[in-house]
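Peer 1: Got a predicted structure plus its sequence, pasted below:
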Amino acid sequence: MSSLYIHGHIWLKPSMEANLHTHSSLANKAGDLIISLPEKCLLTTGTVLSSCLGEYIMKWKPPVSPLIALCTFLIAEKHIGEKSPWKPYIDVLPKTYTCPVCLEHDAVSLLPETLRMKAQEQRTMVHELYVSSKAFFSSLQPLFAESTETIFNYSALEWAWCTINTRTIYMKHSQRECFSLEPDVYALAPYLDLLNHSPNVQVKAAFNEQTRSYEIRTNSQCKRYEEVFICYGPHDNQRLLLEYGFVAMDNPHSSVYVSSDTLLKYFPPLDKQRNAKLSILRDHDFLENLTFGWDGPSWRLLTALKLLSLGADEFTCWRRTLLGDVISARNEQQTLNITAKICHFLIEETHHVLLQISQLKRSKENLKTHLALVEALRWENLKILQRSAEILCNLSMATT
């Protein structure tokens with residue numbers, strides 16, 4: 001991805017009919033306007049409806065979703081090439097993406113379990129989107145000399161979906177009858193992708209109704225000539241990889257997720273209260289988002305483990321456990337011991353996966369980019385788990 005620097009003006013090509021600029025060639029201070037992009041430069045469903053696709057969308061039943069409308073527009077504009085007024089924007093979009101939906105099976109299989117499941121859900125969703133849209137794509141045949149089956153194939157939809165998923169900004173539009181009831185909240189903002197993500201900056205981004213422009217203001221100071229960053233949100237690396245196709249090293253928001261299957265490996269199946277404990281955790285949403293972070297095991301993880309560690313004579317105290325009360329010294333120590341075991345299990349598993357990645361990188365040259373991405377995520381996870389192991393060791397020593 002290209003970089004944007006605070007220095008003078010950055011101009012769009014004439015066909016985009018607007019200028020995208022940083023405000024001031026001096027240092028930026030908190031609250032400064034970094035970018036203002038006029039409404040006419042935004043690619044929305046309104047843009048789609050004003051194109052030759054509009055009449056086909058308006059008469060199609062059942063109505064297509066705003067997402068499919070935008071995907072269709074991107075595919076069509078990319079296909080017509082030089083004739084498209086959006087060619088300057090299409091040309092700067094990535095030709096391929098590294099979202100999990102695009103990753104090869106060998107790379108996906110090496111993702112952490114929770115992310116791997118979400119990646120499979122993402123792939124299924126995009127495939128179902130394609131299958132359900134094929135009839136609509138066929139209806140567009142009068143617009144093209146080439147077969148719509150060739151133009152609007154699965155690879156084309158995957159590319160368009162990734163473009164929207166990784167680059168769209170939130171902009172609420174009024175509901176139109178020609179679209180399905182799914183929220184119409186998408187807008188593509190050309191050249192805003194010049195701004196890279198950093199988890200260490202804060203920005204405010206929104207559409208300004210007075211200026212009719214999409215504006216980004218910084219809440220962080222940036223020196224002259226330094227790269228300007230924006231923040232996509234306080235996302236961990238699994239979310240960044242799933243939604244945007246990259247990971248951020250030393251991400252303060254990063255977490256390592258513990259699946260419920262891993263959790264239950266360390267508790268006796270013959271525990272008479274086991275099913276009741278699981279039911280309580282499920283009912284109170286304590287079987288998901290259990291994590292290790294840079295500051296050790298999360299409160300949610302420790303609370304779930306404390307409840308599972310309750311003795312038969314302590315089980316009636318489960319409500320107090322969910323509130324964070326200390327039930328007994330035995331329960332506290334057992335919780336720390338099991339948390340440490342889970343942490344060490346995940347460390348060993350991560351080492352094993354990193355070894356697999358290293359071997360695959362040597363034998364499968366075509367997977368190097370995908371494997372490097374998974375490797376970066378796993379190395380970050382390893383650092384978090386090693387830090388958590390140290391914290392748990394110190395906690396255990398302090399309680400004995």
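Peer 2: Everything's here; your move.
Peer 1: center of the chain - which residue?
Peer 2: Centroid-nearest residue in the chain: residue 243, 2.6 Å away (criterion: CA atoms, centre = their mean).
Peer 1: now that residue, what's its secondary structure?
Peer 2: helix (DSSP: H, G, I helix; E, B strand; the rest coil).
Peer 1: For it, give me the pLDDT.
Peer 2: For residue 243, the pLDDT comes out at 94.
Peer 1: tell me the contacts of it?
Peer 2: 99, 165, 166, 235 (CB atoms under 8 Å, 6 or more residues apart in numbering). (C-beta placed from N, C-alpha, C; glycine too.)
Peer 1: Would you mind confirming that the third one makes contact with residue 242?
Peer 2: No - contact criterion CB atoms under 8 Å: residue 166 and residue 242 do not qualify, at 10.5 Å.
Peer 1: Now do the helices in the stretch 251-400 of the chain.
Peer 2: Taking DSSP state H, counting those that start in this stretch as the test, the helices found in the stretch 251-400 of the chain are 260-264, 274-283, 299-308, 318-322, 329-363, 368-399.
Peer 1: May I see these arranged in a markdown table, with distance to residue 201 and mean neighbour count as well?
Peer 2: As requested, the helices of the stretch 251-400 of the chain are exported to a markdown table (distance: least, CB to CB, whole Å; neighbours: other CB atoms under 10 Å):
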| stretch | distance to residue 201 | mean neighbour count |
| --- | --- | --- |
| helix 260-264 | 34 | 15 |
| helix 274-283 | 37 | 15 |
| helix 299-308 | 27 | 21 |
| helix 318-322 | 36 | 17 |
| helix 329-363 | 29 | 16 |
| helix 368-399 | 19 | 18 |
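Peer 1: which one of those lies closest to residue 291?
Peer 2: Residue 291 lies closest, by CB to CB, to one member of these: helix 299-308, at 6.1 Å.
Peer 1: For the closest residue to residue 267 other than its chain neighbours, give its distance to residue 255.
Peer 2: In space, not counting the residues next to it along the chain, residue 267 is nearest to residue 308; the distance is 5.2 Å by CB to CB, 6 or more residues apart in numbering. Here the criterion is CB to CB, to the nearest Å. By it, residue 308 lies 20 Å from residue 255.
Peer 1: Residue 135 too?
Peer 2: 42 Å.
Peer 1: Which parts of the stretch 51-200 of the chain are helices?
Peer 2: Using DSSP H, counting those that start in this stretch, helices in the stretch 51-200 of the chain cover 54-59, 66-80, 87-92, 105-108, 113-139, 148-151, 154-167.
Peer 1: Extract the C-alpha set from the last one and format it as PDB.
Peer 2: Extracted in PDB, the C-alpha atoms of helix 154-167 (Å, rounded to 0.1, in the frame of the first residue of the first chain):
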ATOM      1  CA  TYR A 154     -16.400 -16.300  -8.700                       C
ATOM      2  CA  SER A 155     -12.900 -14.900  -8.800                       C
ATOM      3  CA  ALA A 156     -14.300 -11.500  -9.900                       C
ATOM      4  CA  LEU A 157     -16.900 -11.500  -7.100                       C
ATOM      5  CA  GLU A 158     -14.200 -12.500  -4.500                       C
ATOM      6  CA  TRP A 159     -12.000  -9.600  -5.700                       C
ATOM      7  CA  ALA A 160     -14.900  -7.100  -5.600                       C
ATOM      8  CA  TRP A 161     -16.100  -8.300  -2.200                       C
ATOM      9  CA  CYS A 162     -12.600  -8.000  -0.700                       C
ATOM     10  CA  THR A 163     -12.300  -4.500  -2.200                       C
ATOM     11  CA  ILE A 164     -15.500  -3.400  -0.400                       C
ATOM     12  CA  ASN A 165     -14.800  -5.300   2.800                       C
ATOM     13  CA  THR A 166     -11.200  -4.000   3.200                       C
ATOM     14  CA  ARG A 167     -11.800  -0.400   1.900                       C
END
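Peer 1: now the angle from that helix to helix 66-80?
Peer 2: 120 degrees (axes from the mean of the first three to the mean of the last three CA atoms, to 10 degrees).
Peer 1: And for helix 154-167, what's in contact with it?
Peer 2: 67, 70-72, 74-75, 78, 93-97, 99, 101-102, 126-127, 129-130, 133, 186, 188-189, 192-193, 243-245.
Peer 1: Write the ChimeraX selection for whichever of those are buried.
Peer 2: Applying 16 or more other CB atoms under 10 Å to these, the buried members can be selected in ChimeraX as follows:
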select :67,70,71,72,74,75,78,93,97,99,101,102,126,129,130,133,186,188,189,192,193,243,244,245
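Peer 1: about what we covered before: closest one of the contacts of residue 243 to residue 182?
Peer 2: residue 165 (14.2 Å).
Peer 1: ok, that closest one to residue 71 distance?
Peer 2: Residue 165 is 10 Å from residue 71, by CB to CB.
Peer 1: The residue nearest to residue 300 when sequence neighbours are not counted: how many residues sit nearby?
Peer 2: Nearest non-adjacent residue to residue 300, counting by CB to CB, 6+ apart: residue 290, 5.5 Å away. Counted with other CB atoms under 10 Å, the neighbours of residue 290 add up to 26.
Peer 1: Let me see the contact set for residue 290.
Peer 2: Contacts of residue 290 by CB under 8 Å, 6+ apart are 257, 258, 260, 263, 298, 300, 301, 304.
Peer 1: Excluding covalently adjacent residues, which one is nearest to the third one?
Peer 2: Nearest residue to residue 260 in three dimensions, chain neighbours excluded: residue 287, at 4.6 Å (CB to CB, 6+ apart).
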